[in-house]
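Asks: turn this into a structure:
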Amino acid sequence: MHERPDDILDSAAAGSVIIRGGAHRLLAYGAGMVLSVAGMIVVTRTLGPARFGVFQSILSIVMIVGAVTDAGLGALGIREYTQRSSESRDQMMATLLGIRVSLTCVGVAAAVLILLIGGGSGDLVVGTVLAGTGLVLTVMQTTVTIPLSVELRNGALSLIDLLRQVLTTAAYVVAALVGAGT
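Replies: The predicted structure is shown next:
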């Protein structure tokens, strides 16, 4: 079991933990950005300008859903995790995960329903379902990594974030290779 966050922050090692963790996060962020650009190059070249617009519309819809359904629940989870005793943390985390996943699923379903009612193209609807599924997985990941954030385990968080970007970029490449979007 790792030390409680306040134990780490009150120790003489706090500075090095924060600096080393910040360096890990910065490096992983940089590598993630390079992967993101590479993925967008593949997507842009595969889809072409018109279909890339549909792709961006899908991502915009899903990001709006994510912003509305999160409504600060991630930050609330971090605050609650730090303030609760170890006995009540598991129940709080399970409840938070359930709330966040449920709200996100309802938000994605509402977006799809609006698209269907509004006459959105089949590509837009299917793309929103797929991207919405990715959003649900991301919400799950960010929720279950709250303890890592609170415990200042930035190395592990960096690896998880980088792995998510590697998988996203790999999915773009595989979709391009199998001819998705053409």
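Asks: every contact and neighbour count from this point should use C-alpha atoms.
Replies: Will do.
Asks: the longest helix in the chain is where?
Replies: For the chain, the longest helix by residue count, based on DSSP state H, is helix 14-70.
Asks: in what helix or strand does the closest residue to A38 other than its chain neighbours lie?
Replies: Take A38 and drop its neighbours on the chain: the residue closest to it by Cα to Cα, 6 or more residues apart in numbering is T169, 7.4 Å away. If you go by DSSP states H and E, T169 is part of helix 154-177.
Asks: can you list contacts of that helix?
Replies: 21-22, 24-25, 28-29, 31-32, 35-36, 38-39, 42-43, 46, 145, 148-149 (Cα atoms under 8 Å, 6 or more residues apart in numbering).
Asks: just the buried ones from those residues, in ChimeraX syntax?
Replies: Buried residues among the contacts of helix 154-177 (16 or more other Cα atoms under 10 Å), as a ChimeraX selection:
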select :21,22,24,25,28,29,32,35,36,38,39,42,43,46,148
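Asks: about what we covered before: what about the residue nearest to A38, how many residues close to it?
Replies: T169 is flanked by 21 other residues according to other Cα atoms under 10 Å.
Asks: quick check, pLDDT for it.
Replies: If you check T169, the pLDDT there is 93.
Asks: that one and S85, how far apart?
Replies: The gap separating T169 from S85 is 39 Å, by Cα to Cα, to the nearest Å.
Asks: using the three-state scheme, assign G119.
Replies: Per DSSP: H, G, I helix; E, B strand; the rest coil, the secondary structure class of G119 is coil.
Asks: just the element for the residue nearest in space to the middle of the chain, please.
Replies: The centroid of the chain falls nearest to T138 when counting by Cα atoms, centre = their mean (3.5 Å). If you go by DSSP H and E, T138 is part of helix 122-144.
Asks: which outside residues touch that helix?
Replies: Contact with helix 122-144 is made by 54-55, 57-59, 61-62, 66, 74, 77, 93, 96-97, 100-101, 104-105, 108, 111-112, 115-116, as judged by Cα under 8 Å, 6+ apart.
Asks: which strands and helices sit next to the very next helix or strand once past it?
Replies: Using DSSP H and E, the helix or strand that follows helix 122-144 towards the C-terminus is helix 146-150. Helices and strands touching helix 146-150, as assessed by 3 or more Cα pairs under 8 Å, 6 or more residues apart in numbering; DSSP states H and E, comprise helix 73-83, helix 154-177.
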